[in-house]
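*Asks:* Pasted the sequence and its predicted model underneath.
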Amino acid sequence: MKIENPNPIQWQFSERAAQLQSSFIREILKITQRPEIISFAGGLPSPATFPVERMKAAYEKVLSETGKVALQYGPTDGYAPLREWIANSLSTEGSTILPEQILMTSGSQQALDLLGKVLIDEGSRVLVETPSYLGALQAFSVYRPEFKSVDTDEHGLVPSSLEGVAQGARLLYSLPNFQNPTGRTLSLERRRELVETCARLGVPLIEDDPYGALSYKGEPMPKMVAMNPDGVIYMGSFSKVLTPGIRLGYVCAPLPLVRRLELAKQAADLHTAQITQMVVHEVVKDGFLDQHIPTIRKLYSEQCQVMLDAIKEHFPAGVSWTQPEGGMFIWVTLPPQVDAMKLLEQSLAARVAFVPGAPFYANDPATNTLRLSFVTVPPERIREGIAVLGKLIAGML
C-alpha cells in the first residue's frame, strides 16, 4: 500500500553536490547514439579492436579453475599477480617499480577521483595544461581547487611556464602522450625538463598515460615515472588496449601516497572487481598485448590519415589542426570569429557531431576550437562528415 505523504521531502544537497557538473562529452554521446549521426565526438576506442574471443576464453578459464576466488571479495590494493605484472612492465634498467606501489582502480577515472580526494583541499592550487582532459577537470572540480593553467604550444606543455604558477601547487596534471584533446606529444627533452622542474619546485607530477602504447610508429616515448619515481604519479588503463567495458585502471605512486590512496579506495568501493583483474591478468600475462596492440595502431593510423587528408581537402583557409603521431584525436583551431558551439548546432542538424573545445579549458576557454575523434568511424563516413564540416565552417566565415 502506498503511503500518502502530505509533506514531500525537500532535498537539501551538500555543497560538494552543487559542484557536480555533467560531462559535455557524455551529453553529446546521448545524441550520437542515433545511427544516422556521423560522430567524431566520443573518445571511445574502436569496438573492432576488442579481443572478444580472448576475453571469453579467459573468463571461462578463470571461472572453471579459480571461480570461488574470482567471485569473492578481494584486497583493496588489487590482485597481486596483476600488480606484479604492471610493476614489471613499468620498471626499467635504471628504475625499479615495486608491486606495492601499484593500486588497481575501477578505471582511471577513479584514480583521478582518489588523487583529488587525497591531495586537494578547497582552494588548493592545481596546475593543468591548456587545454586539458575534461574528465580530470571534472574529477578535481568536486574538491573545489584553484585551477592554474600552464602554457602549451604545438609541442605540448611548456615546462618553463611552471615558474610563475607553481608556488603552493598540490599537483601538476599532464597527459604527455597523444594528449586528449589535442593529440600533441611531449618531446623527450621537454619530459626531462618537466620532471626536473617539478622536482626542483616540489610539485607532484601526475603522468596520465592511457594512449602511450598507441604510437603509430610503434615506439612509445620513455615514461616520466622512470625519471623520478619519488616525484611522479603514473596512471595507466586497460581501456584503450583491451576494452573500456572492464573498467580497469591503475595508479603507480610513491609508497606514502599509495597507502593514502588505498585508504580512500576502501571508503569508496572496498576493492576493484576481483574477477575482472584475474581475467585481465590471464589475458596479458603471456605477452598477448605485444601482438594485439600493433593491430590497434595500424587501424588508428590509417583512419587518422583518412581524416587528415579529408581536412586538408575540405577545410577552408584560416583553419589549422594538429598532426598526431598516435592516439585518437585531432585538435582543430578555427578562425577567431567562428564559435564552435554555434558550429555544433549547425553540424548536428546536418547529422555530424564533434566536441567543442571550450569545456577542455580550466580557465579562459578558446571558443574557436574543437576536438575530432576518428577511430570509430569508417573511412567513407569520415570523408563524408569532414566534407559537411568544411562547408559549414566556410559558411560561417
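*Replies:* Noted; the coordinates are in hand.

*Asks:* now the strands: where do they sit in the stretch 201-350 of the chain?
*Replies:* In the stretch 201-350 of the chain, the segments counted as strands under DSSP state E, counting those that start in this stretch are 205-208, 232-237, 249-252, 320-321, 329-333.

*Asks:* Can you say which of those is nearest to residue 84?
*Replies:* Nearest to residue 84, of all these, is strand 249-252, at 11.9 Å by C-beta to C-beta. (C-beta placed from N, C-alpha, C; glycine too.)

*Asks:* Could you dump the strands of the stretch 201-350 of the chain into CSV and include distance to residue 221 and mean neighbour count?
*Replies:* Below are the strands of the stretch 201-350 of the chain laid out as CSV (distance: least, C-beta to C-beta, whole Å; neighbours: other C-beta atoms under 10 Å):
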stretch, distance to residue 221, mean neighbour count
strand 205-208, 11, 26
strand 232-237, 13, 25
strand 249-252, 17, 25
strand 320-321, 22, 16
strand 329-333, 17, 22
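
*Asks:* could I get these as CSV with distance to residue 81 and mean pLDDT?
*Replies:* Shown next, in CSV, are the strands of the stretch 201-350 of the chain (distance: least, C-beta to C-beta, whole Å; pLDDT from 0 to 100):
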stretch, distance to residue 81, mean pLDDT
strand 205-208, 24, 98
strand 232-237, 16, 98
strand 249-252, 13, 98
strand 320-321, 43, 98
strand 329-333, 33, 98
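
*Asks:* can you tell which of those is closest to residue 7?
*Replies:* strand 249-252 (44.2 Å).

*Asks:* Dump the strands of the stretch 201-350 of the chain to a markdown table, plus distance to residue 99.
*Replies:* Formatted as a markdown table, these follow (distance: least, C-beta to C-beta, whole Å):
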| stretch | distance to residue 99 |
| --- | --- |
| strand 205-208 | 19 |
| strand 232-237 | 14 |
| strand 249-252 | 10 |
| strand 320-321 | 42 |
| strand 329-333 | 32 |
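
*Asks:* how about these, which one is nearest residue 87?
*Replies:* strand 249-252 (7.6 Å).

*Asks:* for the closest one, the distance to its chain's centre please.
*Replies:* Here the centre of strand 249-252 is set off from its chain's centre by 13 Å, with C-alpha atoms, centre = their mean, to the nearest Å.

*Asks:* CA atoms of it as PDB?
*Replies:* Coordinates of the C-alpha atoms in strand 249-252 are reproduced here as PDB (Å, rounded to 0.1, in the frame of the first residue of the first chain):
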ATOM      1  CA  GLY A 249      42.900   1.100 -14.400                       C
ATOM      2  CA  TYR A 250      45.800   1.600 -12.000                       C
ATOM      3  CA  VAL A 251      47.900   4.200 -10.300                       C
ATOM      4  CA  CYS A 252      51.600   3.900  -9.600                       C
END
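
*Asks:* Pairing partners for that strand, with directions?
*Replies:* Sheet partners assigned to strand 249-252 using DSSP bridges are listed as strand 102-105 (antiparallel), strand 232-237 (antiparallel).

*Asks:* returning to that earlier point: would you mind telling me which of the strands of the stretch 201-350 of the chain is nearest residue 183?
*Replies:* strand 329-333 (4.5 Å).

*Asks:* which residues touch that closest one?
*Replies:* 43, 178-184, 304, 307-308, 311, 315, 319-322, 324, 357, 366, 368-374 (C-beta atoms under 8 Å, 6 or more residues apart in numbering).

*Asks:* Would you mind listing which of the residues you listed are buried?
*Replies:* Taking 16 or more other C-beta atoms under 10 Å as the criterion, what is buried in those is 43, 178-184, 304, 307-308, 311, 315, 319, 321-322, 324, 357, 366, 368-374.

*Asks:* So which of these belong to helices?
*Replies:* Members of the buried ones among the contacts of strand 329-333 lying in helices (criterion: DSSP state H): 304, 307-308, 311.

*Asks:* Same list, the residues you listed, but as CSV with distance to residue 100 please.
*Replies:* Shown next, in CSV, are these (distance: C-beta to C-beta, whole Å):
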residue, distance to residue 100
304, 38
307, 43
308, 44
311, 47
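
*Asks:* Name the nearest of these relative to residue 11.
*Replies:* residue 307 (45.4 Å).

*Asks:* Give me the pLDDT value at that closest one.
*Replies:* As predicted, residue 307 sits at a pLDDT of 98.

*Asks:* Same question for residue 349.
*Replies:* Residue 349 is given a pLDDT of 93.

*Asks:* which residues touch it?
*Replies:* Applying C-beta under 8 Å, 6+ apart, no residues qualify as near residue 349.

*Asks:* and residue 55, what are its phi and psi?
*Replies:* phi -70, psi -40 (degrees, to the nearest 10).

*Asks:* Quick one, which of the strands paired with strand 249-252 gets closest to residue 52.
*Replies:* strand 232-237 (18.9 Å).

*Asks:* Alpha carbons of that closest one, as CSV, please.
*Replies:* Provided in CSV are the C-alpha atoms of strand 232-237 (Å, rounded to 0.1, in the frame of the first residue of the first chain):
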residue,chain,number,x,y,z
VAL,A,232,55.9,11.2,-10.5
ILE,A,233,52.5,9.6,-10.1
TYR,A,234,51.8,7.3,-13.1
MET,A,235,48.3,6.5,-14.2
GLY,A,236,47.5,3.6,-16.6
SER,A,237,44.5,1.9,-18.0
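
*Asks:* contacting residues around stretch 388-396?
*Replies:* 38, 311, 313-316, 319, 334, 337-338, 342-343, 346-347, 350-352, 354.

*Asks:* which two of the ones in helices among the buried ones among the contacts of strand 329-333 lie the greatest distance from each other?
*Replies:* 304 and 311 (10.5 Å).

*Asks:* quick one: buried residues of the strand or helix carrying residue 390?
*Replies:* Here residue 390, judged by DSSP states H and E, is contained in helix 379-396. For helix 379-396, a neighbour-count test (16+ other C-beta under 10 Å) marks 381-383, 385-386, 388-393 as buried.

*Asks:* what's the spacing between it and its chain's center?
*Replies:* The answer for helix 379-396 is 26 Å, by C-alpha atoms, centre = their mean.

*Asks:* tell me the angle of that helix relative to strand 329-333?
*Replies:* Interaxial angle, helix 379-396 versus strand 329-333 (axes from the mean of the first three to the mean of the last three C-alpha atoms, to 10 degrees): 10 degrees.
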